[in-house]
Every structure is written in C-alpha cells, then in structure tokens.
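Asker: only geometry, no sequence info:
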C-alpha cells in the first residue's frame, strides 16, 4: 500500500505575526525507495523562533524558505523501510526534513541516535542544537566566572533554561527574566536560579533588576532584545559580555525596531556585545554534546519539554512560541514509534 505523505508548506510570506493562512497542508504519495535510501516516519518535529526569520525573503545566515515548499527544521523519525546496509527497520534517526509525516533520506543525510542513552526528544533539545547554542554562546562569548552575575532574557525557554544551569555550574549568580509566575517558579524551584523577574507583571523592570543584581551584570545572555534588553543594559559592569542569541521581540514587527543606542554604554563599560549562531561552532559540536551529556547524566542539568500532539497542530505550536506559552523546548509529536520500544 502506498504511504501518503502529509506536508506543511509556506503558502505566503507573513507580514507581522504569522497566522494559519501563512501555511498550507498538502498530500503527496511517497516515492519508491532506491538503493542507499531509507523511508522515515516522522515522530517529532521542532518548532523554533529562527524559523520566523526564514519566512522572510531577505539575506541572513541561512537561506530563506521557498514558497510552496516544505518548511524544514529539526526532526526525529523511525526507519520504516530500508535499502541501506547502515540502517534497519526500527532505527531512530535525526535530521532536518521538517514538517512532513514521511521522508526519504539518503543514508548519508541523517544520523542514527541511541534511544537507550536518553529520551529521543532530548536530541532536538538539551542534547541537540538548543543545548549547543546555550553551551557555546555562554561559555565562548559570555565566559562567566565564579561569583559573577549572569542575567538571561527568555530564561524559561529552550536555550535560556540551559544557559542558566551552565552558569550555575560555573559558580555564577543567575537571574532569569521570563513572562509568567509559573515560569519564574520553574527557574527558581527546579533549576536553582537565584532570582527571577516576571516582565509581564513588574511595575518597574529596572528597579527589580537593581534588587536582583545588587553588584551589577557581568554577563547578559540576550534572547529577546527590545525593552527588556534596554533595561538590562543600564546595569552592565565594566568588561561585561553580551552574547546575542535572539531578538524574538522584533521578529514579527512590521516597522523598523527602534530603541536606545548602545554604543555609548558599550564604550563606557568596555563591554563586549557579540551576535552568534550555533553553526559558528559546527567543528566543536562533538565537544559540546559530550559535555552536555555528561552534565545531564550526573544530574547537573535538568530540562522540561512542552510537547503538543498532532501533525495538524504544528502551525499553532509555532505561533505559540511568540506568545510565550511554552516552558523549555517546544516540540510537536507527529506519531508514535511503530517497531522498537
């Protein structure tokens, strides 16, 4: 029987916040397998803020999505048919085939993962690009030292929650900024952050930062930009470091994002502000993955996932990112494993 592949394609480029009309569901027959290829049934797909930038037809660090093509991104699946000596039915693999229920891959185009080492979803989160982004951004650019103060915006998200824990491992004082009391409780009670600030309910963010950071800010891991970052900048210490990971506050704006100019602050404080993407560190991925895995095994890292079920709910899950509805890594479960358990 022929398998039907459900796909989600980019129907139009969004202006401002994406909506359901941004996407279109299509169906295609799955082609026959050729030698050296495998048929993968998608189990989980990742939805990430960077995908919003790829929906724009603008030059960036990665190619924009093409109209009427599948939206690609991190995915985990199960091999259901194989014509490769390297893979067998039931193997769990990870790749970037994105928002579709089936995918035919060249045997060199995906990587096998071992389900016995950790839950398979961790390879899209804390042991995958999310964890690696936190690891390299904080340690290579932020370089936190024992006793310093590290502030993180978007702190309860997939990257921010890992950044804070690594900073604690390095002996820093950690302050997280997030958008709900539930998230603040998660940061302080489960992840051992020293302080948390709910930016949605605070009456004076700068005043709350002054209380939470009595000795100023040595490292600011910026995931959001906007007014939150403007406030943090006022408390930078001399030689502060600012890894710029994201600017989610501006991703859906129709106008140019404007704010205070940072040059004077950077000069006065001799501060470093550096943008990065995890791809900058591709040659060191093995180093980062090994260290993250060791910390996870030793109980020094914890994680939480927000998992939404149903292929049809992928667009909604993606839009939820920009409303801050997730804690930790946001994934969509497309199907259950069929063979090995």
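Answerer: Okay, I see it. Keep in mind that this is a model prediction, so the values were computed, not measured.
Asker: Doesn't residue 249 belong to a helix?
Answerer: Yes: applying DSSP: H, G, I helix; E, B strand; the rest coil, one finds residue 249 inside a helix.
Asker: Now for it, how many residues are close by?
Answerer: 19 (other CB atoms under 10 Å). C-betas here are computed from N, CA, C, even on glycine.
Asker: which residues touch the residue nearest to it when sequence neighbours are not counted?
Answerer: Spatial nearest neighbour of residue 249, excluding adjacent residues (CB to CB, 6 or more residues apart in numbering): residue 226 at 3.2 Å. By CB atoms under 8 Å, 6 or more residues apart in numbering, the residues touching residue 226 are 247, 249, 250, 257, 259.
Asker: Any quick PyMOL command for the buried ones out of those residues?
Answerer: Selection command for PyMOL covering only the buried members of those, criterion 16 or more other CB atoms under 10 Å:
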select buried, resi 247+249
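Asker: how far is stretch 8-21 from where the chain is centred?
Answerer: What separates the centre of stretch 8-21 from the centre of its chain is 20 Å, taken as CA atoms, centre = their mean, to the nearest Å.
Asker: Need the phi and psi values for the residue nearest to residue 82 when sequence neighbours are not counted.
Answerer: If the residues on either side of it in the chain are set aside, residue 82 comes closest to residue 38, at 4.7 Å by CB to CB, 6+ apart. Here is the backbone geometry of residue 38 (degrees, to the nearest 10): phi -130, psi 150.
Asker: And residue 38, how far from residue 75?
Answerer: 13 Å (CB to CB, to the nearest Å).
Asker: can you check residue 160 too?
Answerer: 23 Å.
Asker: for the stretch 101-250 of the chain, which spans come out with low pLDDT?
Answerer: Within the stretch 101-250 of the chain, the set of residues satisfying pLDDT under 70 comprises 250.
Asker: So the residue nearest to residue 82 sits against residue 105, correct?
Answerer: Yes: with contact defined as CB atoms under 8 Å, residue 38 reaches residue 105; the gap is 5.5 Å.
Asker: How about the secondary structure of the residue nearest in space to the middle of the chain?
Answerer: Computing the C-alpha centroid of the chain and ranking residues by CA atoms, centre = their mean puts residue 130 first, at 4.6 Å. When classified by three-state DSSP, residue 130 comes out as helix.
Asker: Which residue is the nearest non-sequential neighbour of it?
Answerer: Leaving aside its chain neighbours, residue 130 sits nearest to residue 158 (4.4 Å; criterion: CB to CB, 6+ apart).
Asker: Residue 284 now?
Answerer: Sequence neighbours aside, residue 136 is the residue nearest to residue 284 in space, at 7.1 Å (criterion: CB to CB, 6+ apart).
Asker: Check whether that neighbour sits in a helix, strand or coil.
Answerer: Judged by three-state DSSP, the three-state class of residue 136 is helix.
Asker: related to what we said a few turns ago, and the residue nearest to the centre of the chain, what does it touch?
Answerer: Applying CB under 8 Å, 6+ apart, the residues contacting residue 130 are 124, 158, 159, 162, 329.
Asker: how about a cut-off of 10 Å?
Answerer: Neighbour list for residue 130: 46, 48, 74, 122-124, 157-162, 278, 292, 303, 328-329 [criterion: CB atoms under 10 Å, 6 or more residues apart in numbering].
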